[in-house]
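Peer 1: Sharing a model prediction with you, sequence too.
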Amino acid sequence: MPLFSLYRSVDDPVALPEAVPEEFSWFATLLPPVHALAHRLWDQLALFVAGMLTIVLVAPLVGPDAAIWLYILLAIACGFAAPGAQRRALQRRGYASLGHRFAGDAESALVAVMETRS
């Protein structure tokens, strides 16, 4: 059962809370720039682009095999960093933490927090 961080909007108290799963993100690993754009994670997108530029510049020095492994390492790092990046993005957008909940999926976590808020 995964752990979810729950956030509510400070500006709009009647808006539904947001749930961020605290687990490895396969979406962020397989398609890092698409994940960053879909969740508006500009800092993660900038770090991914900087990492790719570094790999492209270092590739002639280390060889193609090492460049592929460096890309794989960068993609895995994006998968592990995705939950933290989503939490920071929500905090920058004016969301406040409601705490953490264990739930089977995001909807169950949101229902549990909505029940305790009433």
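Peer 2: Sure thing, it's come through.
Peer 1: contact partners of the lowest-mean-pLDDT helix or strand in the chain?
Peer 2: When each helix and strand of the chain is scored by mean pLDDT, DSSP states H and E, helix 106-117 comes last, with a mean of 84. With contact meaning Cβ atoms under 8 Å, 6 or more residues apart in numbering, helix 106-117 is reached by 4, 6, 16-17, 19, 21, 98-99, 101-103. From N, CA and C alone the C-beta is placed, and that goes for glycine too.
Peer 1: quick one, helices of this structure?
Peer 2: 26-30, 32-38, 42-62, 64-92, 106-117 (DSSP state H).
Peer 1: out of those helices, nearest to D11?
Peer 2: helix 64-92 (12.5 Å; Cβ to Cβ).
Peer 1: For the protein, give me the ranges with low pLDDT.
Peer 2: 117-118 (pLDDT under 70).
Peer 1: Just want the most central residue of it.
Peer 2: A82 (2.5 Å; Cα atoms, centre = their mean).
Peer 1: My guess is that one contacts W26. True?
Peer 2: No: if you go by Cβ atoms under 8 Å, A82 and W26 don't touch, sitting 9.5 Å apart.
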